[in-house]
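Chemist: Predicted model follows, preceded by the sequence.
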Amino acid sequence: MASGTTSLTTLFNDCASLEVPDFQRNYSWGEDQIDEFHRDLKYCTEQKKDHFLGATILMKSNPEDSNDKSYQIIDGQQRLTTIFLFVAIIRDLVSKLDSREIRPEGGRGISVNVISKAHEILYSDEVNGITRFKSNQLLAEIFEERIFPEPSAERPEIKRKEKYWSLELRKAYFRIKTLLEKDLQNKTQEEQLSYLWELINTFRTRFQIMRITTESYSESFDIFMTLNNRGLILGPSDLVKSLFMKCIAQGLNHDEVLKSNEKVAAQWKEITDNIGDGDVDQFLRHYLVGKQKDHVRAKDIYTIIDKMVDARNTNSKELSKKLIKEISRFSQIYATLLNPATIEDPQLRSACTTLFQLSDTYRVLMLFVLDTESHIDFDSKRKIAKLCELISVRWVLTGENAQELEDHFQDVCGMIRDKKTFPEIRAKLLEKLPSDDKCKSQFDFEISKVPLVRTVFYKINTVLGDPAELISKDPSKMHIEH
C-alpha cells in the first residue's frame, strides 16, 4: 500500500486509466452534493485557495506490471465522476466562445489553449481518443459518446429521459451545466473564457486529494472500513453482481456485453427490491448457509459464489444464469419472511410472525422449507414451521448460543437437500429442543427481552384466553406494561 496527498494534476499524470468497477453502485450524487461541490470550486477559484477533496482508494489493475498505470476506483468514484463531468462541461462551454486561447496572469506572454488543458484531464491519449476515466458498463456509453468528445453535429445529445439507471448521472449533467451557465451570465466573452480557464486551473493545481494505492480487493476494503465510519458502501452483494456480469458476458462483443449487463442489473434490482429494507448481504449469507456444510461469514459470500459458478471455466456462464435465477426465487421467499403478514396459510403465518420478532436465525431453515421446489409436502411444512417456532422460542428463553442454533438449522437444510423424510427431519430438529425443566427455570428470574415477554404472554393467552381478546403481538397496539 502507498499513500500521500497530491494535486489532481499529479494524480492524473500517474493514472492513465481510472476505472469504476461494475460492482460499484451507479453515480448517485444529487443536487445538494453538486451545489456544494460547485460552491467549493467557485470559492477556491475566487480566493485562490487550496481545497482538500478527501481520500480515494485506487487498486492497481495489474499489480504484477510495474509499468501499468491503470487503476480501479474502490472509494471516491462519486467525487472523481463529478470532476470529470465538470471539466467536460467547462470544455463544452469554452468551445462555444470565439476564442480558446488565453494568456494567464504571470504567463510571460505564453498563451494557453483552454480546451487542450481540459483534455489533459479528460484524456490519457487525446490523439487516439483514449479517455482517462472509465465508468461502469451501464454508464460507459454516455461518457464515451456523449460527454467526453468535443461538441459536434455527430455527438449525440444527452437525453433528459432515458434508461432509469442513468437518471442521476443525467440530472447531475444538466445541473452542472445550468450552474456554470448561470456563472457566465452578464460576462463578456473574454471574461467567460478567463473564468472557465480559472475553474480548470483550480482543478489542476488547487484541488488536493489523498491517494491510497492498493494491490488487492481485500487490502482495499480493509483500508476503506478503517477510514470510514459511515458503514460499508461496497458490500459482498455488489461484488456478486459484478461476478455475474463478468461470467454471463463472456465471449460477447461490446454491444452484447452492455445488453447482458443491463439484464443482470435488472435481475439484481428485482432481488434487492424483493428484500426491500432488509439486508441483501444477510439474505445471501442465510441462503448460502442453507446451501453449504461449513460456516458462512459475510466476508465469505463472494468467494463461495465464485466457486459455485466456477468463474474460471467455460461453463461459468450457464452456472451463473442458473444461480442468479435461483437467488431471485429465494429472494421472493425471503421477502415473505421479512413480512410474514403476506403468508397466506394461517399456521405458517402464525409461526413466522412469532419467529420474526425473536431473531433472524430461523430464516436459514424456513427459507428452504417454504421453497416451492422442495420435496416437502404442505402439511410437513406446517409441522416443521411449528417445530422451528417451538425450538426458537425456547432457545431464546433459555439464552442459548445463536450460532449453535444456526449450525443446527444448517444441518437440517442439508437433510432437506438430501430429500430426507419428515420423521427424519423432525427427529433431527428435536435433538436441540431445550427441555421443559430448563424453560420453566427461566421464570424464576426477570425476563427483560420485551419481544420474548410479549410472545410468551401471547402464547399463554391463546391457550387460556378468549381468542377475541388476545394480547396483541403488535407493539404499536399494546405495551407490555398494559
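Modeler: Thanks, I have it. Nothing here was measured: the structure is a model prediction, and the numbers come from that model. Numbers count the residues shown, from 1 in each chain.
Chemist: Need the phi and psi values for I343.
Modeler: The phi/psi pair for I343 (degrees, to the nearest 10) reads phi -70, psi 130.
Chemist: ok, it to R349 distance?
Modeler: 4 Å (Cβ to Cβ, to the nearest Å). C-beta here means a position set from N, CA and C on the backbone, and glycine is covered the same way.
Chemist: residues contacting L319?
Modeler: C247, M308, V309, D310 (Cβ atoms under 8 Å, 6 or more residues apart in numbering).
Chemist: Among the residues you listed, which pair sits farthest apart?
Modeler: C247 and M308 (10.6 Å; Cβ to Cβ).
Chemist: higher neighbour count, these two?
Modeler: Neighbours of C247 and M308, each counted by other Cβ atoms under 10 Å, are more numerous for C247; the result is 25 against 17.
Chemist: any idea how far N313 is from that one?
Modeler: Applying Cβ to Cβ to C247 and N313 gives a distance of 10 Å.
Chemist: which regions of the stretch 301-450 of the chain lie under the pLDDT threshold?
Modeler: 311-312, 445-450 (pLDDT under 70).
Chemist: where along it do the strands fall?
Modeler: Taking DSSP state E, counting those that start in this stretch as the criterion, the stretch 301-450 of the chain carries no strands.
Chemist: That one: helices as residue ranges?
Modeler: 301-308, 316-338, 346-358, 362-369, 378-397, 402-417, 422-430, 436-441, 450-464 (DSSP state H, counting those that start in this stretch).
Chemist: I'd like to check the angle between the longest one and helix 362-369, please.
Modeler: Put simply, helix 316-338 runs at 120 degrees to helix 362-369, going by axes from the mean of the first three to the mean of the last three Cα atoms, to 10 degrees.
Chemist: Touching stretch 93-112 from outside, list them.
Modeler: 113-115, 118, 150-151, 180-181, 184, 189-190, 192-194, 196-197, 201.
Chemist: How about stretch 9-21?
Modeler: Applying Cβ under 8 Å, 6+ apart, the external contacts of stretch 9-21 come out as 58, 61, 69-74, 77, 80-81, 120-121, 124-125, 130, 132-136, 139, 204-205, 209, 211, 242.
Chemist: residues touching the closest residue to G30 other than its chain neighbours, list them.
Modeler: In space, and not counting its chain neighbours, G30 is closest to E168: 7.1 Å by Cβ to Cβ, 6 or more residues apart in numbering. For E168, the contacting residues are N26, Y27, S28, W29, G30, by Cβ under 8 Å, 6+ apart.
Chemist: just Q442 next, same as before
Modeler: Contact partners of Q442, counting by Cβ under 8 Å, 6+ apart, are L397, T398, G399.
Chemist: now it: how far from P434?
Modeler: For Q442 relative to P434 (Cβ to Cβ), the value is 9 Å.
Chemist: shared neighbours, those two?
Modeler: L397, T398.
Chemist: Wait, Y43 touches E36, no?
Modeler: No. Under the criterion of Cβ atoms under 8 Å, Y43 is not in contact with E36, lying 10.6 Å apart.
Chemist: Could you pull out the helices in the stretch 101-250 of the chain for me?
Modeler: Under DSSP H, counting those that start in this stretch, the stretch 101-250 of the chain gives helices at 114-122, 137-142, 167-184, 189-201, 217-227, 236-248.
Chemist: What average pLDDT does the last one get?
Modeler: What it means is helix 236-248. Helix 236-248 shows a mean pLDDT of 84.
Chemist: How about Y334: what's its closest non-neighbour residue?
Modeler: In space, Y334 is closest to F283, 5.0 Å off (Cβ to Cβ, 6+ apart).
Chemist: what packs against the helix or strand where that neighbour lies?
Modeler: Using DSSP states H and E, F283 sits in helix 280-291. Where contact means 3 or more Cβ pairs under 8 Å, 6 or more residues apart in numbering; DSSP states H and E, helix 280-291 is packed against helix 236-248, helix 254-275, helix 301-308, helix 316-338, helix 362-369, helix 402-417.
Chemist: Quick check: which of those helices is nearest to F174?
Modeler: helix 254-275 (22.7 Å).
Chemist: quick one: contacts of that closest one?
Modeler: Contacts of helix 254-275 (Cβ under 8 Å, 6+ apart): 22, 137-138, 140-141, 163, 165, 237, 241, 244-245, 248-249, 252, 280, 283, 324-325, 327-328, 331-332, 334-335, 338.
Chemist: try stretch 296-306
Modeler: Contacts of stretch 296-306 (Cβ under 8 Å, 6+ apart): 235-237, 239-240, 243, 281-282, 284-285, 288-289, 292, 323.
Chemist: before we move on, what about stretch 173-193?
Modeler: 31, 34-35, 38, 42, 82, 85-86, 89-90, 93-94, 97-100, 102, 114, 147, 158, 160, 195-196, 199.
Chemist: Could you turn the buried ones of the residues you listed into a PyMOL selection?
Modeler: In PyMOL syntax, the buried subset of these is picked out as below (16 or more other Cβ atoms under 10 Å):
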select buried, resi 34+38+42+82+85+86+89+90+93+94+100+102+114+147+158+195+196+199
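Chemist: Tell me which of the contacts of stretch 173-193 fall in strands.
Modeler: I102 (DSSP state E).
Chemist: check contacts around K428.
Modeler: D411, V412, M415, K420.
Chemist: measure I212 to N67 for me?
Modeler: I212 is 21 Å from N67, by Cβ to Cβ.
Chemist: what's the answer for H286, then?
Modeler: For H286, the distance to N67 - Cβ to Cβ - is 45 Å.
Chemist: Likewise for A351?
Modeler: 62 Å.
Chemist: between these two, who's got more neighbours?
Modeler: Using other Cβ under 10 Å, the more surrounded residue of A351 and N67 is A351, with 26 against 5.
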